[in-house]
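Q: Next input, structure requested:
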Amino acid sequence: MTQDPAVTPGFSFENLSRRPDVEAENLQAHDAADRLLLDTAADRLRADAGGVVVIGDAYGALTLGAAALHGVRDLRVHQDPYSGELALARNADAAGLAGVYSSLPLDPALVHGARTVLLRLPRSLDALEEIAALIARHADPGVVVYAGGRVKHMTTAMNAVLGRWFGSVSAGLARQKSRILTAAGPLPAERLPEDRFPLAQKHDVGLTAPLELRGYGAAFAGASLDIGTRFLLPYLAQARQAASAIDLGCGTGAIAAYLALTRPDLQVLATDQSAAAVASASATMAANGVAEQVRVRRDDALAGLPERSAELVVLNPPFHIGASVHAGIALKLFADAGRVLVPGGELWTVWNSHLAYKPALTRLVGPTREVARNPKFTITVSTRA
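A: Modelled structure (predicted):
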């Protein structure tokens, strides 16, 4: 039998790794929705091997699958989490496919002239709307969007969001608990809705002026104020005096902006692995007049910082990785905070009380005491030994 020349010998989905993201037996680097997307779009991928865009690829299954199985090259790829970009680069090197794609921000250059888009459906409808708007405004008029996900995470509201931007939206048959929505025919420019992003919302947090948050579609909580963060903010007055501080996993930047507004001499680093979070936090700092005081950076936890370089770290950790509830990401952040704190440095954390993180914080950072608790959240401070 003659081998299909499009297939890259030795490529296997099972060889894909999640690293540097958390790895565990119940966490996979690919799933049935990735395979269904590639199968559904197979004919178009082979016919359109130079105009393909991939959005939301977790660890490289879509990008490398399109290249290895269907011969696609010059792929343009956007992944919101930085850990996803790093994992894709690692997996591409291992598969001998490092040169088949370019990583780009979620902006017009990503989709300009694109004719085929492979999209892993985001959980957030705001994120889906921002992506749909970008494609409808800047892709080729003949673009076809294949949007796939696990059935348990899909709703009919996703069809409605796509329908606001495309003339045709159809749902395929489910396979292995996955389904594909196909959108085509971007609406004429005069019929497209107005751009809503970044979202903006003001919050009374006890300052002389409201705290204004800005949020792009994929940013957690959008422009609203997370209730755990709201609980934490007033207690930060008790944190140690420091010349600099880090808002780790900054999201839209509420903690960083609050620290800057309440401590005018403090230099703050706001860091998050999410591209949408970083863009949102930058907009938040500008809206609150503290852009000169706060530096916003995209990073995998605190990988870019040396050991024993931070005096104060503040963290409202996520309790999920993508769609999976998992403590691993919080433990990774705790460990990295412990690594960068100077002796006597403090990690202030707010967490859902049922997660019982205090033993882990003590082990990974240092002696940990409870500062406050309400029916849902616990605030702790851990001091680096």
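Q: So, low pLDDT: which residues of the chain?
A: Applying pLDDT under 70 to the chain picks out residues 1-7, 9, 319-327.
Q: try 90 this time
A: Applying pLDDT under 90 to the chain flags the ranges 1-11, 21-28, 48-51, 195, 221, 318-329.
Q: quick check: domain ranges of it?
A: The record's domain split for the chain, according to automatic domain parsing, is 13-191, 199-383.
Q: Let me have those domains in CSV, adding mean neighbour count as columns.
A: For glycine as for every other residue, the C-beta is placed from the backbone atoms N, C-alpha and C. As requested, the domains of the chain are arranged in CSV below (neighbours: other C-beta atoms under 10 Å):
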stretch, mean neighbour count
domain 13-191, 19
domain 199-383, 20
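Q: For Leu355, what are phi and psi?
A: With angles defined as degrees, to the nearest 10, Leu355 sits at phi -80, psi -20.
Q: I meant to write Pro141 there.
A: Summarising the backbone geometry of Pro141 under the convention degrees, to the nearest 10, its torsions are phi -60, psi -20.
Q: My guess is it contacts Pro186. True?
A: Yes - using C-beta atoms under 8 Å as the test, Pro141 is close enough to Pro186 to be in contact (6.2 Å).
Q: is it true that Thr378 touches Val350?
A: Yes - using C-beta under 8 Å, Thr378 is in contact with Val350, at 7.2 Å.
Q: Break down the stretch 201-350 of the chain into its strands, ranges please.
A: Defined through DSSP state E, counting those that start in this stretch, the strands belonging to the stretch 201-350 of the chain, from first to last, are 211-215, 244-248, 267-272, 294-298, 310-315, 320-321, 324-325, 341-352.
Q: Select, out of these, the one closest to Arg18.
A: Taking C-beta to C-beta, strand 320-321 is the member of the strands of the stretch 201-350 of the chain nearest to Arg18, at 8.8 Å.
Q: picking that back up, dump the strands of the stretch 201-350 of the chain to a markdown table, plus distance to Val77.
A: Shown next, in a markdown table, are the strands of the stretch 201-350 of the chain (distance: least, C-beta to C-beta, whole Å):
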| stretch | distance to Val77 |
| --- | --- |
| strand 211-215 | 23 |
| strand 244-248 | 26 |
| strand 267-272 | 20 |
| strand 294-298 | 16 |
| strand 310-315 | 29 |
| strand 320-321 | 20 |
| strand 324-325 | 22 |
| strand 341-352 | 33 |
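Q: Tell me which of these approaches Leu64 most closely.
A: Nearest of the strands of the stretch 201-350 of the chain to Leu64, taken as C-beta to C-beta: strand 320-321 at 20.3 Å.
Q: beta partners of Ser102?
A: For Ser102, the beta-bridge partners under DSSP bridges are Arg76.
Q: can you pull the contacts of Gln201?
A: Remark: with contacts taken as C-beta atoms under 8 Å, 6 or more residues apart in numbering, Gln201 is in contact with 212-213, 215, 222-225.
Q: And these, which is closest to Ala287?
A: Using C-beta to C-beta as the measure, the one of the contacts of Gln201 that approaches Ala287 most closely is Glu212, at 4.4 Å.
Q: and the spatially closest residue to that closest one that is not a sequence neighbour, what does it touch?
A: For Glu212, ignoring the flanking residues on the chain, the nearest one in space by C-beta to C-beta, 6 or more residues apart in numbering is Ala287 at 4.4 Å. When contacts are counted by C-beta under 8 Å, 6+ apart, Ala287 touches 200, 212-214.
Q: possible to save those residues as a markdown table with distance to Gly84?
A: As requested, the contacts of Ala287 are arranged in a markdown table below (distance: C-beta to C-beta, whole Å):
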| residue | distance to Gly84 |
| --- | --- |
| Ala200 | 27 |
| Glu212 | 29 |
| Leu213 | 25 |
| Arg214 | 23 |
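Q: ok, those residues vs Leu361, which is closest?
A: For those, the closest approach to Leu361 (C-beta to C-beta) belongs to Leu213, at 27.0 Å.
Q: What's the separation between that closest one and Gly99?
A: Using C-beta to C-beta, to the nearest Å, one obtains 40 Å as the distance from Leu213 to Gly99.
Q: quick one: which of the contacts of Ala287 is nearest Ile55?
A: When those are compared for distance to Ile55 (C-beta to C-beta), Arg214 wins out at 21.7 Å.
Q: and the closest one, what does it touch?
A: Applying C-beta under 8 Å, 6+ apart, we find Arg214 in contact with 198-200, 223, 252, 280, 283-284, 287.
Q: Kindly state the beta-bridge partners for it.
A: Listed by DSSP bridges, the beta-bridge partners for Arg214 are Ala200.
Q: how close does it sit to Asp107?
A: Counting by C-beta to C-beta, the separation of Arg214 from Asp107 is 16 Å.
Q: what's the spacing between Gly251 and Pro359?
A: Distance of Gly251 to Pro359, computed by C-beta to C-beta: 26 Å.
Q: Any idea how far apart the tips of stretch 214-224 sit?
A: For stretch 214-224, the first and last residues are 9 Å from each other (C-alpha to C-alpha, to the nearest Å).
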